[in-house]
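*Asks:* turn this into a model:
(one chain, ligands or ions: 1)
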Amino acid sequence: MKQRLLFLGPPGAGKGTQAQRLAAREGLLHLSTGDLLRAEVQAGTPLGQEAEAVMASGELVSDALVLAIVRSRLEHHAGGWLLDGFPRNLPQAEALESLLTSLQQRIEQVILLELDDSVLIQRLLARGRADDNSEVIANRLHVYRQQTAPLIAHYESQGLLRRLDGAGSIEVIEERLASLLVD
Ligand code: B4P
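*Replies:* The predicted model follows:
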């Protein structure tokens, strides 16, 4: 199986859920920039204080900040990894590519989780995290379309992108993902 993976998709598509399961099963490092940022907020670090209001509005935290977090985790990790929620825009994707070149590593596959907006919104409202209310969800979807969706063409042109239908139960999607990764 591929050992260096990236999960892409709109908020609520199941990236975090599937990434966690796959990483545990395959012994990969699961790097969720959302989780790492929330941990910084929780701990009240200067980085967390900077990120908190940005996350609450559904906008993206600064590239420099997110990149510093990812670099510090990948620099000392020689094994496989699964990046979940990063990169979120083209500058982050380019910064990741230079970081990986310097580490003599490369992305082996990008999984795009696809799901209708109506289902995404239902899932997020049901979860009810601080940034899971109608207004902020609408902004997160807007930010996804404007800034993150261009990454689909970026990775498609590199022949790295595989599409995964995100509709159905967690177990059904997990099976779909497993069969996609053995191809
Ligand atoms: P993230 O934490 O990445 O959150 P997300 O995009 O909303 O996806 P998430 O992983 O939580 O959703 P999932 O589909 O797993 O980002 C939050 C914020 O952090 C961003 O808005 C931004 O401010 C900041 N941020 C993060 N990364 C950044 C970066 N690189 N650059 C700048 N800013 C960054 O799960 C959603 C819900 O659906 C869950 O409750 C789950 O249990 C449920 N679910 C999943 N699969 C399901 C299924 N099959 N059926 C039913 N429910 C399901």
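*Asks:* what's the residue most central in space within the chain in contact with, if anything?
*Replies:* Centroid-nearest residue in the chain: Gly85, 1.5 Å away (criterion: Cα atoms, centre = their mean). By Cβ atoms under 8 Å, 6 or more residues apart in numbering, Gly85 lies in contact with Phe7, Lys15, Gly16, Ser32, Thr33, Gly34. Heads up, the C-betas are built off the backbone N, CA and C, glycines and all.
*Asks:* which among the residues you listed gets closest to the ligand?
*Replies:* Gly34 (1.8 Å; Cβ to the nearest ligand atom).
*Asks:* which residues touch that closest one?
*Replies:* Per Cβ under 8 Å, 6+ apart, neighbours of Gly34: Gly16, Asp84, Gly85.
*Asks:* which of those are close to the ligand?
*Replies:* Gly16, Gly85 (Cβ under 6 Å from any ligand atom).
*Asks:* hmm, back to that, may I have the predicted confidence score for the residue nearest to the centre of the chain?
*Replies:* What the model reports as pLDDT for Gly85 is 95.
*Asks:* quick one, phi psi at Trp81?
*Replies:* phi -150, psi 160 (degrees, to the nearest 10).
*Asks:* hmm, I typed the wrong one, I wanted Ala130.
*Replies:* Dihedral angles phi and psi of Ala130 (degrees, to the nearest 10) take the values phi -60, psi -30.
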